[in-house]
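>>> all I have is the shape, not the residue letters:
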């Protein structure tokens, strides 16, 4: 099945019963949750030992620069272009051709990444004005040094994405999403060992080396299982193969679309470099929390659904019916978790920052600015998360151009609105310029909603009505509001004990939300309780 010019073309294969992806999504979510938990612990240690000063800003900017390679060539782009083609071959029993495709893409990816890493190391000074225009003097020089150290690790991350694509296509989700734990543990170990002993600049340099070592471990742990799924691996760039050409052809628009989306976050950081010292690091700490719901719930559902949607075969209406069913079920699952996450960021952002970051060199004043960033992130959290699932549906239809068009619009809006809200608006309002970081995330949320509406409306015209009811969304927001009141009331009594009080507050918030949704008869709440009981 393919999609050309907005039309579905049915494959000759007979339709098969749809596979439920609840267990797969749970496996992905569990892996992401564990990995992100360690990631937030790593960020917490960085806040303690690097604080929100020159070295922290430099390391944050350096990682952003090298992360360009991972974001453009890594999981998102490779999955969207490779998995639909590779999965279709597996579904049709064409194992030899699937193995040939895996080897060809692995070879092409390895060669391309090797060249780009070398170019990145040589041309690093050229990237600084693009990502950290506001950095000068010592901060700029340190950023250049750290960036050059981090480039090889970024290349290894891309190779990990090749493993992930093969593993996900074979419905093995847990390993590739747990593997980043090794990367986080490597950096955590370095911070615990060297943090109390070394100065900030030396620690940032050692942390860069630890990042590269952790990336290598993350890749190597996936290799044995990946190779066991490929009977005959031939690492040869066979561009003459129709399937290889299909992946490369699909990769182009996805690569650009991913680049456009990633430019949004880089624009935010670029603007943040013009704000007072420490705001780049604070922005990074806070966004590590705000992207957690997107990664945990949006990525888990989208990653599990993409191979299954790509397997959809049969007549045009049968394919459309399968996609509608998967989208509706996936959107409800996403909303059940993301709506309370957005409310927590909006109302309890200071509590979250106090628990995760407020120790060592990160102060209560820093937590208030982090709260502003988290509250701004709440604006577009639901749209960004559901948009990932719609993009997966387009990629399953081999349509990579529609998401590209809407992502381009999003980046334009992010730049214009972000600059206005971050730089001139605080001056007009007469407030501390550091609050401009909250304007960055809020304006990005507005752009995410516009992109989401376009993705949904265009998909609805192709396969019929999708989405979730207003009543369901309103129920979730009402339950989240009740939980927020309970959480805020708890925090008002025990806020002086920042860490313990914050943990208790967040526990109260989560418990009240779950109980409220159970009382209101939300099916996803009952399902969540049932899964917890089964695991116990």
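Perfect, I can see it now. Quick caveat: nothing in here was measured; it's all calculated off a predicted structure.
>>> show me the contacts for the nearest residue to residue 368 once chain neighbours are set aside.
Nearest residue to residue 368, sequence neighbours excluded (C-beta to C-beta, 6 or more residues apart in numbering): residue 350, at 6.1 Å. C-beta: built from backbone N, CA, C; applies to glycine. Counting by C-beta atoms under 8 Å, 6 or more residues apart in numbering, residue 350 makes contact with 367, 368, 370, 371.
>>> could you tell me what pLDDT the model assigned to residue 350?
On the pLDDT scale, residue 350 is placed at 87.
>>> same thing with residue 6?
For residue 6, the predicted pLDDT is 38.
>>> one step back: element containing the residue nearest to residue 368?
In this structure, residue 350 sits in helix 316-356 according to DSSP states H and E.
>>> show me the shaky parts of the stretch 151-300 of the chain.
Applying pLDDT under 70 to the stretch 151-300 of the chain flags residues 254-266, 269, 278, 295-296, 298-300.
>>> repeat that for 80
171, 173-174, 177, 237-240, 249-288, 291-300 (pLDDT under 80).
>>> what are the ranges of the helices in it?
For the stretch 151-300 of the chain, the helices defined by DSSP state H, counting those that start in this stretch cover 174-178, 180-194, 200-220, 223-228, 242-272, 279-293, 300-310.
>>> quick one: which of those helices is nearest residue 506?
Each of the helices of the stretch 151-300 of the chain has some distance to residue 506 by C-beta to C-beta; the shortest is helix 279-293, at 11.7 Å.
>>> which strands or helices does the closest one pack on?
Applying 3 or more C-beta pairs under 8 Å, 6 or more residues apart in numbering; DSSP states H and E, one finds that helix 279-293 contacts helix 22-50, helix 54-73, helix 242-272, helix 316-356, helix 364-378, helix 381-396, helix 436-463.
>>> how far off centre is that helix?
Mean C-alpha position of helix 279-293 versus that of the full chain (C-alpha atoms, centre = their mean, to the nearest Å) differs by 12 Å.
>>> same question, stretch 491-503
That offset, for stretch 491-503, works out to 30 Å (C-alpha atoms, centre = their mean).
>>> same question for stretch 404-411.
Its chain's average C-alpha position is 17 Å from that of stretch 404-411, according to C-alpha atoms, centre = their mean.
>>> likewise stretch 214-221?
19 Å.
>>> list the buried residues in that stretch.
214, 215, 216, 217, 218, 219, 221 (16 or more other C-beta atoms under 10 Å).
>>> so how far is residue 150 from the second one?
From residue 215 across to residue 150, the span is 9 Å (C-beta to C-beta, to the nearest Å).
>>> cool, the fourth one as well?
Per C-beta to C-beta, residue 217 is found 16 Å from residue 150.
>>> from residue 235, how far out is the residue nearest to residue 147 when sequence neighbours are not counted?
Sequence neighbours aside, residue 62 is the residue nearest to residue 147 in space, at 4.3 Å (criterion: C-beta to C-beta, 6+ apart). To residue 235, residue 62 is 31 Å away according to C-beta to C-beta.
>>> what about the two, which has more around it?
residue 62 (29 against 14; other C-beta atoms under 10 Å).
>>> got the contact list for the residue nearest to residue 498 when sequence neighbours are not counted?
Leaving aside its chain neighbours, residue 498 sits nearest to residue 354 (4.4 Å; criterion: C-beta to C-beta, 6+ apart). For residue 354, the contact set (C-beta under 8 Å, 6+ apart) comprises 364, 367, 498, 499, 501, 502.
>>> so can I have a markdown table of these showing pLDDT?
Formatted as a markdown table, the contacts of residue 354 follow (pLDDT from 0 to 100):
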| residue | pLDDT |
| --- | --- |
| 364 | 78 |
| 367 | 80 |
| 498 | 79 |
| 499 | 82 |
| 501 | 87 |
| 502 | 86 |
